[in-house]
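Enquirer: my questions concern the predicted model and sequence given below.
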Amino acid sequence: MDTETLTKVIDMLDNILESTRDEDVKLYYSFSAEENRMLGRRKALEDFKEYLNKYIDKQVAQMETEQGM
């Protein structure tokens with residue numbers, strides 16, 4: 001996969017997560033079913049972002065190993 005594209009996707013995820021951060025902090029203490037789903041979606045986006053970051057790190061490490069860095 002193209003790491004430049006993945007970096008753009010990660011930036012998009014960061015924008016989504018940042019734009020909802022204040023709302024999510026307020027919801028953290030509410031515990032309604034809808035609010036728990038919203039927090040679950042946020043966690044899923046954070047996990048996906050982390051997965052993509054790890055993939056990029058692995059690709060960079062592999063490239064550095066191949067180039068003898």
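Expert: Cool, the structure landed. Numbering: from 1, shown residues only.
Enquirer: burial of Asn53, as a residue count?
Expert: By the criterion of other CB atoms under 10 Å, Asn53 has 14 neighbours. All C-beta atoms are positioned from the backbone trio N, CA, C, and that covers glycine.
Enquirer: which of the helices or strands spans the residue nearest the centre of the chain?
Expert: Centroid-nearest residue in the chain, with CA atoms, centre = their mean: Lys49, separated by 2.0 Å. For Lys49, the element it lies in under DSSP states H and E is helix 33-66.
Enquirer: in that helix, what's buried?
Expert: Glu35, Met38, Arg42, Leu45, Lys49, Leu52, Ile56 (16 or more other CB atoms under 10 Å).
Enquirer: residues contacting the residue nearest to the centre of the chain?
Expert: Applying CB atoms under 8 Å, 6 or more residues apart in numbering, we find Lys49 in contact with Ile10, Leu13, Asp14, Leu17.
Enquirer: just checking, which helix or strand of the chain averages the lowest pLDDT?
Expert: In the chain, no helix or strand scores lower on mean pLDDT, DSSP states H and E than helix 3-27, which sits at a mean of 82.
Enquirer: now the angle between helix 33-66 and it, please.
Expert: Computed with axes from the mean of the first three to the mean of the last three CA atoms, to 10 degrees, the direction of helix 3-27 lies at 150 degrees from that of helix 33-66.
Enquirer: for the buried residues of helix 33-66, which one is nearest Arg21?
Expert: Of all the buried residues of helix 33-66, Arg21 sits closest to Arg42, with 8.7 Å by CB to CB.
Enquirer: before we move on, back to that, just put the buried residues of helix 33-66 in CSV and tack on distance to Asp22 and pLDDT.
Expert: Output for those, formatted as CSV (distance: CB to CB, whole Å; pLDDT from 0 to 100):
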residue, distance to Asp22, pLDDT
Glu35, 14, 75
Met38, 13, 78
Arg42, 12, 83
Leu45, 16, 91
Lys49, 19, 92
Leu52, 24, 92
Ile56, 28, 91
